[in-house]
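Undergrad: could you work out the structure for the sequence below:
(3 chains)
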Amino acid sequence: MSFSICVAQCTDSLAATMDDQARIMQSIGGVSLAGHSVQGGMALPPPHGHDGTDGDGRKQDIGDILHQIMTITDQSLDEAQAKKHGLNCHRMKPALFSVLCEIKEKTGLSIRGAQEEDPPDPQLMRLDNMLLAEGVAGPEKGGGSAAAAAAAAASGGAADNSIEHSDYRAKLTQIRQIYHTELEKYEQACNEFTTHVMNLLREQSRTRPISPKEIERMVGIIHRKFSSIQMQLKQSTCEAVMILRSRFLDARRKRRNFSKQATEILNEYFYSHLSNPYPSEEAKEELAKKCSITVSQGVGSTITVSQVSNWFGNKRIRYKKNIGKFQEEANLYAAKTAVNAAQAAAAAVQNSQANSPTTPNSGFQMKDEDFQLDSAESKNTLLSNMFTGSSGSFNLPNSGDMFLSMQSLNGDSYQGAQVGANVQSQVGSTNQGQFLSAVLVLPVY
DNA sequence: ATATATGATTATGG
DNA sequence: CCATAATCATATAT
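TA: Model (predicted):
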């Protein structure tokens, strides 16, 4: 058939379009639009039988049509619009249209079927779960108000914890807000685009057959596209959260030693309360305050209550684990407190300023009656600690070492001031000497 | 470069 | 929530 042959000669770019038309033309057989000139000057072939007697003229007509089609983009929008309207109004249009629909229905079924409901992407689910777990997705907790509420709630007990985490939380909130904003934006854009496309298709459905299924498919494609964009968003959000988290954890893990002074204060408390090295909450707060005060000159290394707790936890366990290693330290600090106590006592008794060259009592305030009590307690517990190896509730499982070492130092049993006297004759190391001399000062008061 | 010290975190139990 | 014990990871000493 000459028509189809001709059509087959079309350029590749037009082939698909023309193929449809060729089939349509074939299927409508003898029906033609002959005799009805179309607005815009496009003339359709005159009525002809299919006897093939007028092949050349027909070819010429078709050539014209093709030419017009190919140059249609050269025409103005108004012209095209008018032409479209003209076609729409053509009296044969309903018949043509129904045929087109029919064909479409047949061919469309084969187009579809291959791609259908894809299972939920496991990776997407993973991302969703993670975002949910990180609190990025899920119910909005009100951003700033939540942070404020949390801070308020924590201000009593774990204020430091909240402060430590506050900027992490702030950043997380920021990420969440961006995420939600973007998500909403995408959602909106998706909806807008969908309705736009649907309107377009509806508009086009007047001139070309579009089945509801096709629209549905189109919407599906759009949604898939947008959900893939959303997945990218989720992915980048996850990434941001991960980076934030790792940075935060790194920062937290980054260890900075306490200042010498802070360590001294903590050690002093520890060894003066060796029998029960469990500072109360208030005591911890005070220690934290003291430590941060003494170190105030440095960078803002504010030692928090939880840091004090950490310190005591570590200290207890490490002391208990290897008492021998801490002996020197224990003696040192015991001596310090003893000296201070002695000085305090001496000062109190003599009502004068008894300054010792070994320990310029700069860091310690003796005005405070608490401290004096502590000092008194420390003397007692210290002595019993040193010579029994254990005391109070802070029981030491392997206190034998200590006991032995002390025994080697002091073979006698312990009896109050006598101990000091006995030990005095065996002063060996400077630290112990310091301690012992300090102890010997005790009877002064 | 290796060893030790140390602050922080985690797991577990009360 | 607090204590302990183990562990991590870094800081500092050797």
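
Undergrad: just the element for A:Val241, please.
TA: helix A:212-253 (DSSP states H and E).

Undergrad: packing partners of that helix?
TA: Secondary-structure packing of helix A:212-253 (3 or more CB pairs under 8 Å, 6 or more residues apart in numbering; DSSP states H and E): helix A:93-111, helix A:122-133, helix A:159-204. Where C-beta positions appear, they are placed from N, C-alpha and C, glycine not excepted.

Undergrad: buried set for the host helix or strand of A:Ala341?
TA: For A:Ala341, the host element (DSSP H and E) is helix A:323-350. Of the residues in helix A:323-350, A:323, A:326-327, A:330-347 count as buried by neighbour count, 16 or more other CB atoms under 10 Å.

Undergrad: adding mean pLDDT, distance to DNA strand C and mean neighbour count, write the helices and strands packed on helix A:212-253 out as a markdown table.
TA: Output for the helices and strands packed on helix A:212-253, formatted as a markdown table (pLDDT from 0 to 100; distance: least, CB to the nearest atom of the strand, whole Å; neighbours: other CB atoms under 10 Å):
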| stretch | mean pLDDT | distance to DNA strand C | mean neighbour count |
| --- | --- | --- | --- |
| helix A:93-111 | 72 | 55 | 14 |
| helix A:122-133 | 76 | 20 | 14 |
| helix A:159-204 | 79 | 8 | 14 |
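
Undergrad: can I get the ones you listed in CSV with distance to DNA strand B?
TA: As requested, these are exported to CSV (distance: least, CB to the nearest atom of the strand, whole Å):
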stretch, distance to DNA strand B
helix A:93-111, 53
helix A:122-133, 14
helix A:159-204, 7
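
Undergrad: where does whichever residue of the stretch 251-400 of chain A sits closest to DNA strand C sit: helix, strand or coil?
TA: Using CB to the nearest atom of the strand, the single residue of the stretch 251-400 of chain A nearest to DNA strand C is A:Gly313, 3.9 Å away. When classified by DSSP: H, G, I helix; E, B strand; the rest coil, A:Gly313 comes out as helix.

Undergrad: next, count neighbours for it.
TA: For A:Gly313, the tally of surrounding residues (other CB atoms under 10 Å) stands at 11.

Undergrad: quick one: contacts for it?
TA: The contact partners of A:Gly313, by CB atoms under 8 Å, 6 or more residues apart in numbering, come to none.

Undergrad: what about 10 Å?
TA: Neighbouring residues of A:Gly313 by CB atoms under 10 Å, 6 or more residues apart in numbering: A:Tyr278.

Undergrad: gap between A:Lys234 and A:Arg176?
TA: 12 Å (CB to CB, to the nearest Å).

Undergrad: between these two, what contacts are shared?
TA: Counting by CB under 10 Å, 6+ apart, the residues touching both A:Lys234 and A:Arg176 are A:Leu131, A:Val136, A:Ala137.

Undergrad: listing request: residues of the stretch 201-350 of chain A with sub-threshold pLDDT.
TA: Within the stretch 201-350 of chain A, the segments meeting pLDDT under 70 span A:245-253, A:294-301, A:347-350.

Undergrad: which bits of it sit near DNA strand B?
TA: A:252-253, A:255-258, A:263, A:307, A:310-311, A:313-314, A:318, A:325 (CB under 7 Å from any atom of the strand).

Undergrad: now those residues in CSV, with distance to A:Glu281?
TA: Shown next, in CSV, are these (distance: CB to CB, whole Å):
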residue, distance to A:Glu281
A:Arg252, 23
A:Arg253, 26
A:Arg255, 25
A:Arg256, 24
A:Asn257, 25
A:Phe258, 20
A:Thr263, 21
A:Gln307, 14
A:Asn310, 14
A:Trp311, 15
A:Gly313, 14
A:Asn314, 18
A:Arg318, 23
A:Lys325, 29
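
Undergrad: and the residues you listed, which are buried?
TA: A:Phe258, A:Gln307, A:Trp311.

Undergrad: surely the second one is in contact with A:Ala262?
TA: Yes. Counting by CB atoms under 10 Å, A:Gln307 does reach A:Ala262; the two are 9.2 Å apart.

Undergrad: so what sits against both of the two?
TA: A:Leu287, A:Ala288, A:Cys291, A:Ser292, A:Ser301.

Undergrad: surely the fourth one and A:Thr304 touch.
TA: Looking back up the chat, that one is A:Ser292. Yes. Assessed by CB under 10 Å, A:Ser292 is found in contact with A:Thr304 at 8.3 Å.

Undergrad: dump the helices and strands packed on helix A:212-253 to JSON lines, plus distance to A:Ile229.
TA: Shown next, in JSON lines, are those (distance: least, CB to CB, whole Å):
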{"stretch": "helix A:93-111", "distance to A:Ile229": "25"}
{"stretch": "helix A:122-133", "distance to A:Ile229": "12"}
{"stretch": "helix A:159-204", "distance to A:Ile229": "6"}
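
Undergrad: relative to A:Lys84, which of those is closest?
TA: The minimum distance between A:Lys84 and the helices and strands packed on helix A:212-253 falls on helix A:159-204, with 10.2 Å, by CB to CB.

Undergrad: ok, A:Pro279 to DNA strand B distance?
TA: Using CB to the nearest atom of the strand, to the nearest Å, A:Pro279 is found at 15 Å from DNA strand B.

Undergrad: what about that residue, how many residues close to it?
TA: 21.

Undergrad: can you check A:Arg208 too?
TA: 12.

Undergrad: that's a helix at A:Ile210, yeah?
TA: No. Per three-state DSSP, A:Ile210 lies outside any helix segment and is coil.

Undergrad: which residue sits closest to it, ignoring its sequence neighbours?
TA: A:Leu201 (5.3 Å; CB to CB, 6 or more residues apart in numbering).

Undergrad: where does pLDDT dip in the stretch 1-150 of chain A?
TA: Ranges of the stretch 1-150 of chain A meeting pLDDT under 70: A:1-55, A:108-120, A:133-135, A:138-150.

Undergrad: what parts of it come near DNA strand C?
TA: Counting by CB under 7 Å from any atom of the strand, no residue of the stretch 1-150 of chain A sits close to DNA strand C.

Undergrad: what does the stretch 1-150 of chain A put close to DNA strand B?
TA: Counting by CB under 7 Å from any atom of the strand, no residue of the stretch 1-150 of chain A is near DNA strand B.
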